[in-house]
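Novice: okay, predicted coordinates and the sequence, questions at the end:
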Amino acid sequence: MQNPRKAARPARRSRSSGHGGAGREGAPAAAAGKCWLFGTHAVAAALANPRRVYERLLVTEAEHPALEEAARAGGKSLRVAPELVQRTRLDDLLGPDAVHQGVAMLAHILPSLSLEEALERPGPVLVLDQVTDPRNVGAILRSAAAFGAACIVVQDRNAPEETAVLAKAASGALETVPFVREVNLSRAIEMLQKAGCWTVGLDAGGTILNGAGFDGRRVALVLGAEGRGLRRLTRESCDEIAGLYMPGEMESLNVSVAAALGLYELVRRGMPAA
């Protein structure tokens with residue numbers, strides 16, 4: 001996300017398999033359609049999600065905080081009995097870099113919703129154009145949950161799979177924010193426009209993003225990968241291009257930070273009075 005004050009590009013306007021590989025993602029390989037999840041918040045949210053199917057639940061203590069958190073969130077009964085294991089067992093299973101907090105789950109990948117189904121939820125929409133880092137995508141999911149986004153839309157072949165790293169960064173939001181995968185992102189943007197969304201490419205070269213200017217409109221924010229930004233076809237598919245106000249010397253932001261700031265700008269006009 002570049003600083004719009006430091007760029008001169010003109011604004012444009014027009015109308016699975018292999019989840020959680022051991023070295024790369026810090027979790028062991030799982031069969032196709034499954035993945036390992038770890039960390040208190042990620043596992044607790046999965047336990048409380050009635051759509052989540054899981055096969056194993058490993059904990060280092062009988063009354064683990066993940067189980068208590070899941071019970072408070074509505075997960076009243078466990079569908080699989082927890083296995084009590086030593087912490088070293090999880091270290092060996094998940095790898096030395098996994099911050100597992102004493103809990104891990106072997107789960108099935110969540111069934112995906114169609115874009116039409118996801119748009120039945122209220123709130124703005126996020127569209128990610130080739131954002132591939134699972135930590136960034138997880139952080140964006142967390143912001144989407146915090147600011148009431150309806151869903152996140154990605155291009156299927158240029159987006160990370162559901163992995164432990166993504167789920168850990170999302171801190172439970174993977175279970176609550178639909179992750180919609182589309183084959184063609186430009187076509188998905190067109191579908192959003194036909195559904196009544198005003199699509200805004202968050203990038204340099206346009207106006208300053210002003211949430212108050214979108215009163216009465218449902219907005220879909222479109223974000224590109226760090227460095228490359230929005231691809232040309234994606235950029236030209238958006239209704240308008242807008243950037244974040246950044247008066248400082250830094251010319252760009254991490255894409256997950258840009259997503260959080262963009263969402264805040266969109267929803268702050270509905271903030272209750274102090």
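Specialist: On my side now, so go ahead.

Novice: does Glu190 touch Ser237 like I think?
Specialist: Yes. Applying Cβ atoms under 8 Å as the test, Glu190 and Ser237 come out as touching, 6.9 Å apart. Where C-beta positions appear, they are placed from N, C-alpha and C, glycine not excepted.

Novice: neighbour count winner among these two?
Specialist: Ser237 (25 against 14; other Cβ atoms under 10 Å).

Novice: now the more buried one: how far from Gly201?
Specialist: Distance from Ser237 to Gly201, counting by Cβ to Cβ, to the nearest Å: 8 Å.

Novice: ok, Arg187 - how many residues close by?
Specialist: So Arg187, with other Cβ under 10 Å, has 12 neighbours.

Novice: hmm, I typed the wrong one, I wanted Arg269.
Specialist: 12.

Novice: just the strands in the stretch 51-200 of the chain please.
Specialist: Using DSSP state E, counting those that start in this stretch, the strands of the stretch 51-200 of the chain run over 54-59, 83-84, 103-108, 125-129, 151-155, 179-182, 197-208.

Novice: mean neighbour count, distance to Glu249 and mean pLDDT added to those, as a markdown table?
Specialist: Listed next are the strands of the stretch 51-200 of the chain as a markdown table, based on neighbours: other Cβ atoms under 10 Å; distance: least, Cβ to Cβ, whole Å; pLDDT from 0 to 100:
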| stretch | mean neighbour count | distance to Glu249 | mean pLDDT |
| --- | --- | --- | --- |
| strand 54-59 | 18 | 47 | 92 |
| strand 83-84 | 12 | 52 | 90 |
| strand 103-108 | 24 | 43 | 93 |
| strand 125-129 | 27 | 26 | 97 |
| strand 151-155 | 23 | 31 | 96 |
| strand 179-182 | 20 | 35 | 94 |
| strand 197-208 | 22 | 15 | 90 |
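
Novice: how about JSON lines for those, with distance to Gly95 added?
Specialist: Formatted as JSON lines, the strands of the stretch 51-200 of the chain follow (distance: least, Cβ to Cβ, whole Å):
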{"stretch": "strand 54-59", "distance to Gly95": "14"}
{"stretch": "strand 83-84", "distance to Gly95": "19"}
{"stretch": "strand 103-108", "distance to Gly95": "11"}
{"stretch": "strand 125-129", "distance to Gly95": "27"}
{"stretch": "strand 151-155", "distance to Gly95": "26"}
{"stretch": "strand 179-182", "distance to Gly95": "24"}
{"stretch": "strand 197-208", "distance to Gly95": "34"}
